[in-house]
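In: okay, predicted coordinates and the sequence, questions at the end:
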Amino acid sequence: MTSTQRTSFPRQGVRETAIAVKTRFQSASDVLSDCLEEIARCEDKIHAFNLVLDNQARQRASEIDDLIARGIDPGPLAGVPVALKDNICTREIATTCSSKMLERWIPPYNATVVAKLQDAGAVIVGKTNMDEFAMGSSTENSAFGPTRNPCNLDYVPGGSSGGSAASVAAGFVCCALGSDTGGSIRQPASLCGVVGVKPTYGRVSRYGLIAFASSLDQIGPLCVNVGDAALICEVIGGYDPRDSTSIDEPFSGLLDSCDKGVDGIRVGVVTELLAPASPDVQAAFTKCTDKLAAIGAKVDEISIPELSYGLAAYYLIAPAEASSNLARYDGVRYGLRVAGQDVESMMRATRSAGFGPEVKRRIMLGTYALSSGYYDAYYGQAQRVRTLITKAFGRAYESFDVLLSPTSPTVAFGFGAKQDPLDMYNSDIATIASNLAGHPAMSVPFGLGANNLPVGVQVMAPTLGEAVMFQVGAQIEGLAQ
Amino acid sequence: MSSDSLEGWDLVIGLEVHCELDTNTKLFCGCPNSFGDSPNTNVCPVCLGLPGSLPVLNSRAVDLAMRIGAALHCDIRPSRFHRKNYFYPDMPKAFQISQYDAPINCDGWLELTTGKRVGIERAHIEEDTGKTTHLGESGRIQGASSSLVDYNRAGVPLVETVSAPDMNSAQEAKDYVSELRAILVACGASDGKMEEGSLRVDANVSVRRSGSKELGTRCEIKNVNSLKSLGKAIEFEAARQIAVLQQGGTIRQETRHFNEDTGETSSMRSKEDSHDYRYFPEPDLVVISPDEAWIGGIRSGLPPMPAERRALLGSKCGAGSPGTPSSNQVSTVVAHGLDALVLGALDDGADPRIALSRCANEAVARVDAALHLAPTSFSRLVTMESVGDITATQSKLVLGEMLDEVDQKLEELGGSTGGFGGYFEVDPEAIANSKGFEKLDNTTLARTLDDIVESNPGEWERFLAGDEKVAQFFVGQMMKSTRGQADGKAVISLMNARRDKKG
Ligand SMILES: [Zn+2]
């Protein structure tokens, strides 16, 4: 036994907590105190948070208790402690994107998801660490130091929502929100052994989510179980007039889907996404599909060759959009400013000092991809690949209800293990296609791989196909027990 | 510059006109779109480009843009937005949301008053930037000791109308801008105020040997803030280019800055150091796909355009052929949208010549108030003048006070004229009475003239000798003695009668 061995464990789920609080079995304040104690005990080892909102959270919890005492229902998340990835804007509370650029920036407004969580009775406990501006797959790119995987502190938690995944896995909170641009919810969920969901693009408002790649970004939950994730999706989802890409479709009934079983459900195993996985991950995954077949699912293999171009297309589109989204950090209006002799040198100095190496790398990549003379060969071509992938998925979903793959090709890796950026980019090989197509996908823990670290199974579904995705996800969860 | 120096050369001019749309709110947020407020008061997370904010398209702006397209005979098509990326302190997001390969309006035309048609390549929607004031000697960002930025204008909706290079003289360019301005006002899209920056013009100018079909290299002239400047800038630039070519030089494609004080253009940046804007589709907005019903509604709901209104007003006023003063008055009145006031007064039986003059000469200077003056009130004023109850001079004063009253009433409504489309009745007789403007009877007038003649016998002798200039002296003296109540024409006829009787 070393000091890096697991010492913290996930706490009870969202629904259990809300019921306990509503039935006055446990007060919201007591629930919160447990969380804060756990944070005090383990946070210095894990570093899941950029900020813990001790006082504000206590005040909010006692407000919830007051409501309950007066017989008022605080909502489906009554007293549920929640953490937010630090790229989700919180009014009057620092929102840093784990970047020196925004280290001292305080948003004057709440993201739509924050308002929805609060309206549902949740207690926001803190802002979680992440790869700077959500660019990375290990949380090593945080300007404030890495987060450690609660399952084993020698390993990364994945990224970019590594702090969110770790905060749930460590039992600091019942649930955390992350953002997923190329797998940034699902991959850390997989590496930390929790459930992570990326809803259909447009299901959850992006208003107040600090953009990385606008056409790919989507907010979603990380939870200890599938049903909790379904509930959180219902709470944070739905049409938002502040987000023009928001979908005006009801987002409900997800919890009910979790009980429907998989009898007759057609499950496709995507060979292109299974092949790159390490043997331990493949073994766990195959066990999962075997068990699914055993309880009535029709499991078959499917090849979607177009997906092999996904990674290349993603690493043009996402940096291109990022180069534009991150251009506003120029030192003129807010955030870091490093003095210069004139405006241009001030902007140069600010951006040189404020961004870390990975962010700079992607800004340069994206700027190049959009340059006149190169646009068509890079950005234009990547968009055509994106269309091909979407069409290929469309054909696949004629034969299958959901598609399956390992979420990550490997279990969690060690700090500094992936020095070559391309190695790191390959961590997203299975998750990226869903972002390119705008489809929903989730990661559900299933068994252990190398070093006794968790393996995650990814369930992918067509646009607005969350119901069937949760239906299958819930069964996988059951089979993993 | 004389036209001789253009001998043997043709000018080719294309114009890009930015028009601020007259919406209540900005293009992508709910902040007020208003001019002249304290700096950085009409701002929010969206128009400041704060992290995490997202744009939501103002459908009223789309409506107005489509109206402009319909008025310019354009195809109105499904369109999308692009990001135009470049760093500048007054651009909150470091990109401007504009339209690039799929503008909402394209391929139209505008007919000048001469009957010539100028092609319209496109009229697209984009957002305005903030406004930067550079402190320090240069007045430009280079070398500024500090710069102040006001983001009130950031995100204000614009339509940029790009003409084909179809104009061939500074005068045609000016005519084009006046006609476009009148159309934009007629559409309800703009207040047309060039002086407040509601309309901003960039001119693309090139020259070529007369008869040549090939286009010369063009230069884009920026910072043209009035019609007068536009004319001057084009003439200077054409002469400069011709001089360069005559000396065997070549024109560099570049952007040039027009200096209002010197009347000259100077190089801002060449094509080589122009920005690479890295346009790409704006992922935070969706495609605008107006259906046939929407487009049809826009086209059929378009009010009459200036050409049609000039014809109507001209025929009602019996205006002469183009070039006569009254035809200029007709154009002026229509350009300011005051034709309804004149036509209303005519329906009420007012004298067309006087109604047109008061409107074109006096009311246009007070457009905001004049637009809310009841035509019946205006008609009463015109009639008081035409029957000789008050003089022309008095009539102008009374009109001024009538418009003061309208302004006051508008102020009582909250100072916003935007939403109010009604008229105010103002009584011209009451104003005339309060000022003591009464018609002087001829006896009083004749007695006054007698007095003046008596004290100025020399001048009277000169008048009798046929010195017409001295007549003005007597008119002036009569005005002075009657405190402006005498009518100039009545004085002249009285003087003529006195001369004829005595003679
Ligand atoms: Zn605003």
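Out: Yes, it's here.

In: for the residue lying closest to A:Ala18 once chain neighbours are set aside, phi and psi?
Out: Nearest residue to A:Ala18 in three dimensions, chain neighbours excluded: A:Ala78, at 4.8 Å (C-beta to C-beta, 6 or more residues apart in numbering or on different chains). Glycine gets a C-beta too; all of them are placed from N, C-alpha and C. Per-residue torsions, A:Ala78: phi -50, psi 110 (degrees, to the nearest 10).

In: contacting residues for B:Gly188?
Out: Neighbouring residues of B:Gly188 by C-beta atoms under 8 Å, 6 or more residues apart in numbering or on different chains: B:Asp22, B:Leu64, B:Arg67, B:Pro303.

In: just those residues now: which is nearest B:Glu126?
Out: Comparing the contacts of B:Gly188 against B:Glu126 with C-beta to C-beta places B:Leu64 closest, at 13.2 Å.

In: contacts only, for residue 141.
Out: Let's take chain A. Contact partners of A:Asn141, counting by C-beta under 8 Å, 6+ apart, are A:Ser98, A:Asp131, A:Glu132, A:Met135, A:Gly159, A:Ser160, A:Gly356, A:Glu358, A:Val359.

In: sorry, should have said chain B
Out: By C-beta under 8 Å, 6+ apart, the contact set of B:Ile141 is A:Asp342, A:Val343, B:Pro89, B:Thr132, B:His134, B:Ser147.

In: 7 Å instead, please
Out: With contact taken as C-beta atoms under 7 Å, 6 or more residues apart in numbering or on different chains, B:Ile141 is in contact with A:Val343, B:His134, B:Ser147.

In: any idea how far the residue nearest to A:Ala18 is from B:Gly344?
Out: A:Ala78 is 66 Å from B:Gly344, where distance means C-beta to C-beta, to the nearest Å.

In: ok, B:Ile141 next?
Out: Distance, B:Ile141 to B:Gly344, using C-beta to C-beta: 50 Å.

In: neighbours around residue 223, how many?
Out: No chain was given, so I picked chain A. A count of neighbours around A:Cys223, defined by other C-beta atoms under 10 Å in any protein chain shown, yields 27.

In: if you could check chain B rather than the one you did, that'd help
Out: Neighbour number of B:Asn223 under other C-beta under 10 Å is 16.

In: for the one 10 residues further on, same thing?
Out: By the criterion of other C-beta under 10 Å, B:Ala233 has 28 neighbours.

In: wasn't it part of a strand?
Out: No: counting by DSSP: H, G, I helix; E, B strand; the rest coil, B:Ala233 is not found in a strand; it is helix.

In: how about the nearest residue to it, chain neighbours excluded?
Out: Nearest residue to B:Ala233, sequence neighbours excluded (C-beta to C-beta, 6+ apart): B:Phe258, at 4.3 Å.

In: so that neighbour sits in a strand?
Out: Yes: judged by three-state DSSP, B:Phe258 forms part of a strand.

In: is it true that it touches B:Leu230?
Out: No: assessed by C-beta atoms under 7 Å, B:Phe258 is found out of contact with B:Leu230, at 8.7 Å.

In: ok, now which ones touch the closest residue to the ion within the stretch 201-350 of chain A?
Out: Closest residue of the stretch 201-350 of chain A to the ion, C-beta to the ion: A:Arg242 (12.0 Å). A:Arg242 makes contacts with A:Thr112, A:Ser205, A:Tyr207, B:Leu54, B:Val56, as judged by C-beta under 7 Å, 6+ apart.

In: okay, it: pLDDT?
Out: A:Arg242 carries a pLDDT score of 97 in this model.

In: what about it, helix or strand, and which?
Out: Under DSSP states H and E, no helix or strand contains A:Arg242.

In: can you check B:Thr448 too?
Out: helix B:442-455.

In: and if you look at A:Val21?
Out: Counting by DSSP H and E, A:Val21 is part of helix A:14-22.

In: contact partners of stretch B:481-497?
Out: For stretch B:481-497, the external contacting residues (C-beta under 7 Å, 6+ apart) are B:388, B:391, B:393-394, B:437, B:440, B:445-446, B:448-449, B:452, B:463, B:471, B:474-475, B:478-479.

In: what of stretch B:113-120?
Out: By C-beta under 7 Å, 6+ apart, stretch B:113-120 touches B:72, B:74, B:108-112, B:161, B:163-164, B:166-167, B:175-176, B:179, B:331.

In: and the helix or strand hosting B:Leu313, what other elements does it pack with?
Out: Under DSSP H and E, the secondary-structure element containing B:Leu313 is helix B:306-317. Where contact means 3 or more C-beta pairs under 7 Å, 6 or more residues apart in numbering or on different chains; DSSP states H and E, helix B:306-317 is packed against helix B:170-186, helix B:325-335, helix B:339-347, helix B:352-357.

In: return it as CSV; C-alpha atoms alone will do.
Out: Extracted in CSV, the C-alpha atoms of helix B:306-317 (Å, rounded to 0.1, in the frame of the first residue of the first chain):
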residue,chain,number,x,y,z
PRO,B,306,-38.4,58.5,-53.5
ALA,B,307,-38.6,58.4,-57.3
GLU,B,308,-42.3,57.7,-57.3
ARG,B,309,-42.9,60.3,-54.5
ARG,B,310,-41.0,63.0,-56.3
ALA,B,311,-43.1,62.4,-59.4
LEU,B,312,-46.3,62.7,-57.3
LEU,B,313,-45.2,65.7,-55.4
GLY,B,314,-43.9,67.4,-58.5
SER,B,315,-47.1,66.9,-60.4
LYS,B,316,-49.2,68.2,-57.5
CYS,B,317,-47.0,71.3,-57.1
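
In: quick one on the thing from earlier: between A:Ala78 and B:Gly344, which is the more surrounded one?
Out: Taking other C-beta under 10 Å, A:Ala78 and B:Gly344 do not tie; A:Ala78 has more neighbours (25 against 19).

In: avg pLDDT for stretch B:347-358?
Out: The average pLDDT within stretch B:347-358 is 89.

In: got it, and stretch B:15-34?
Out: The average pLDDT within stretch B:15-34 is 96.

In: so which bits of that stretch are buried?
Out: B:15-23, B:25-29, B:31, B:33-34 (16 or more other C-beta atoms under 10 Å in any protein chain shown).

In: so where is the chain shaky, pLDDT-wise?
Out: No chain specified, so I'll use chain A. Along chain A, the model assigns pLDDT under 70 to residues A:1-4.

In: wait, I meant chain B there
Out: B:1-5, B:138-139, B:143, B:272-273, B:319-325, B:415-420, B:439-440, B:502-503.

In: coming back round to it: buried ones among the contacts of B:Ile141?
Out: A:Val343, B:His134, B:Ser147.

In: among the contacts of B:Gly188, which one sits closest to A:Gly178?
Out: Closest to A:Gly178, out of all of those and judged by C-beta to C-beta, is B:Leu64, at 41.2 Å.

In: ok so the closest one is a helix residue?
Out: Yes: judged by three-state DSSP, B:Leu64 forms part of a helix.

In: for the stretch 101-250 of chain A, which segments are assigned as helices?
Out: With DSSP state H, counting those that start in this stretch as the criterion, the stretch 101-250 of chain A has helices at A:112-119, A:162-169, A:186-192, A:226-236.

In: residue of the stretch 101-250 of chain B nearest chain A, please.
Out: At 5.8 Å from chain A, B:Ile141 is the closest residue in the stretch 101-250 of chain B, using C-beta to the nearest C-beta.

In: in what helix or strand does that residue lie?
Out: Using DSSP H and E, B:Ile141 sits in no helix or strand.

In: in strands, which of the contacts of stretch B:113-120 fall?
Out: Using DSSP state E, the subset of the contacts of stretch B:113-120 located in strands is B:Gly108, B:Trp109, B:Leu110, B:Glu111, B:Thr161, B:Ser163.

In: show the buried residues in these.
Out: For the ones in strands among the contacts of stretch B:113-120, a burial check counting by 16+ other C-beta under 10 Å picks out B:Gly108, B:Leu110, B:Thr161, B:Ser163.

In: now those residues as TSV including distance to the ion?
Out: Output for these, formatted as TSV (distance: C-beta to the ion, whole Å):
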residue	distance to the ion
B:Gly108	31
B:Leu110	33
B:Thr161	25
B:Ser163	31
